[in-house]
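>>> Provided below are the primary sequence and the corresponding predicted coordinates.
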Amino acid sequence: MKSSPFERLQRIYSQPFFDLIQQGRAVYLKNWPNNEVQLCTLLSIKTGGCSEDCAYCSQSARYETGLETERLLSTAEVLEVARRAKSNGSTRFCMGAAWKGVREGTQAFDSVLETVREVSKLGMEVCVTLGQLTDVAARQLKDAGVTAYNHNLDTSPEFYPQIVTTHTFQDRLDTIRAVQNAGMSVCCGGIIGMGETVTDRLRMLEVLVNFDPPPESVPINCLMTMPGTPLEDQPPVDVFELVRLIATTRIVLPRAKVRLSAGRSRLSREAQALCFFAGANSIFYGNKLLTAQNPETDADHNLLQDLGLVPQPPFSDLAAPVTEKVAIST
């Protein structure tokens, strides 16, 4: 009798630790032979005041986190940061706005579209994360020059209602479908350390594997506890659990970029090296991720140099890359 896709995920994940990371490394070397790491810069272009109730987020207007609501940054302000990011080696520039979703035809969204047009002229990949999208808004972003849209699943469908109640897991999937229909690549992953089980993490990964086409990049975030949020007292993620998830993701999504994302500031150099060995090949680069701290640029340069890793160039035509997945049904 054939095992289910989820059962195979469980088998992969639960291998002896060294067997698992060696398998992840082998898959990485087969598909990414040049020891390259994608360097991404993330900028919050509209901070705070979000109407959503995501339990991990300091930008929710529902929680007393001390974060001040800021206006939408102008195109000129964003371009200054984007140029600096490019000069520091970043090849993907990501812009995030604390919105429930996009409302096409508004002055704010028109301003974002203009910003995207200008940033895309710098020769960088352009990623945005703006909340929920309609098909119309997705096409407008694609036409403006967005190459990838980030919309994380966060966790499993079953655990999701304990983290967010102001929209549904299906709402997430609907936005991802709009992104795919518009021809943008999908950047989609999750957050671990929110009180979920290993089963929840693997269920999230099962959903990602079933995307058609599969995600171009998969951010693996460790919860950064924010004072004032419902999850402020969650304990840190065990580093071996993080590495296990990275290796499993690499094995079942061999051509996706697996991004070591939020929480990296709490990892030692040795722990980050283990993540790279297991299959991570993308990082957020720069000293801040939206509202959370990130390792300093010089520290990242030194770490990559010590590990013999080099920055990945941007896609020459700025088109979404071809991705593939492996069957997990046998």
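The structure has been received and is ready for your questions.

>>> show me where the chain has strands.
Taking DSSP state E, the strands of the chain run over residues 36-46, 92-97, 125-129, 148-150, 185-187, 190-192, 217-222, 257-260, 282-284, 288-289, 292-293, 310-311.

>>> quick one, phi/psi of the closest residue to R11 other than its chain neighbours?
Take R11 and drop its neighbours on the chain: the residue closest to it by CB to CB, 6 or more residues apart in numbering is S3, 7.5 Å away. For the C-beta atoms, the positions are set from N, CA and C on the backbone; glycine is no exception. Torsion angles at S3 (phi, psi; degrees, to the nearest 10) stand at phi -80, psi 160.

>>> report how many residues lie close to S3.
13 (other CB atoms under 10 Å).

>>> also E118?
Residue neighbour count, defined by other CB under 10 Å, stands at 16 for E118.

>>> so who does it touch?
E118 makes contacts with 75, 78-79, as judged by CB atoms under 8 Å, 6 or more residues apart in numbering.

>>> name the residue closest to the centre of the protein, please.
P219 (3.1 Å; CA atoms, centre = their mean).

>>> report the beta-bridge partners for that one.
On the basis of DSSP bridges, P219 is bridged to R259.

>>> likewise I192?
Counting by DSSP bridges, I192 is bridged to C222.

>>> and it, how far from E104?
Taking CB to CB, to the nearest Å as the measure, I192 falls 33 Å from E104.

>>> ok, now T41?
Distance from T41 to E104, counting by CB to CB: 26 Å.

>>> quick one, which of those two is more surrounded?
T41 (26 against 15).

>>> which ones are touching the more buried one?
Taking CB under 8 Å, 6+ apart, one finds 81-82, 85, 88, 90, 92-94, 284-286 in contact with T41.

>>> rerun that using 7 Å as the cut-off
85, 90, 93-94, 285-286 (CB atoms under 7 Å, 6 or more residues apart in numbering).

>>> give me the neighbour count for E270.
Neighbour number of E270 under other CB under 10 Å is 9.

>>> please apply the same query to L253.
Close neighbours of L253, defined as other CB under 10 Å, add up to 26.

>>> kindly report the same for G66.
Neighbourhood size, G66 [other CB under 10 Å]: 9.
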